[in-house]
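In: What follows is a predicted structure for the sequence shown.
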Amino acid sequence: MVTPFSPLALPPRFVACWAAQLRSCQSFVRSQCFFTGRVLLGPAPWPDKLGRLGRRHYADTLAWAYDCTDAGCRLQHEALVSLSDLGLPDGWLALWLRFDERRHRALLAGYLTGARAMLH
């Protein structure tokens, strides 16, 4: 018999990373819904409304991607650390952890570059 999946069976640090990703998704959806409604009901002409919606959607998407990447990379780091029990060859885990850290920094720097380019 297969036991059903329960988030409570996971270690607390996995649940914390998962909850951080859910919070960032929730804030993205809330921001998009309320801002879109407020703009569409406003008195501005349609080209201005569409321009504002496009800029806000781009900014919210970058913020969401930044937040989800941070939480996702922390979750992946925790998963990699838990692999230490598998008896990997010496140095492999350290190599993967260094690669994971560089990838995390590169992704976050890329999102910041995109956000700065949007401002100019």
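Out: Arrived safely.
In: what about the nearest residue to Q32 once chain neighbours are set aside, neighbour count?
Out: Excluding its sequence neighbours, the residue lying closest to Q32 (C-beta to C-beta, 6 or more residues apart in numbering) is D60, at 6.0 Å. Where you see a C-beta, it was placed from the backbone N, CA and C, and this is true even at glycine. Using other C-beta atoms under 10 Å, D60 is surrounded by 17 other residues.
In: other SSEs contacting the helix or strand hosting D60?
Out: Take DSSP states H and E as the rule and D60 turns out to sit in helix 46-82. In terms of contacts (3 or more C-beta pairs under 8 Å, 6 or more residues apart in numbering; DSSP states H and E), helix 46-82 is packed against helix 12-40, helix 92-119.
In: for these, which one sits closest to C68?
Out: helix 12-40 (5.3 Å; C-beta to C-beta).
In: just to revisit the earlier point, I'd like the mean pLDDT over the helix holding D60, please.
Out: The average pLDDT for helix 46-82 rounds to 85.
In: and the residue lying closest to H57 once chain neighbours are set aside, what is it in contact with?
Out: Of all residues beyond its chain neighbours, the one nearest H57 is Q32 (6.8 Å), with distances taken as C-beta to C-beta, 6+ apart. The contact partners of Q32, taken as C-beta atoms under 8 Å, 6 or more residues apart in numbering, are R56, H57, D60.
In: Reformat those as TSV; add distance to A115.
Out: Formatted as TSV, the contacts of Q32 follow (distance: C-beta to C-beta, whole Å):
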residue	distance to A115
R56	13
H57	13
D60	11
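In: Tell me the one among these nearest to L41.
Out: For those, the nearest to L41 is R56 (14.8 Å; C-beta to C-beta).
In: out of the helices and strands packed on helix 46-82, which comes closest to R74?
Out: With distances scored as C-beta to C-beta, the stretch of the helices and strands packed on helix 46-82 nearest to R74 is helix 12-40 (5.0 Å).
In: Report the rounded mean pLDDT for that closest one.
Out: The model assigns helix 12-40 a mean pLDDT of 87.
In: Over to L88: give its phi and psi.
Out: L88 adopts backbone torsions of phi -70, psi 160, taken as degrees, to the nearest 10.
In: Sounds good, over and out.
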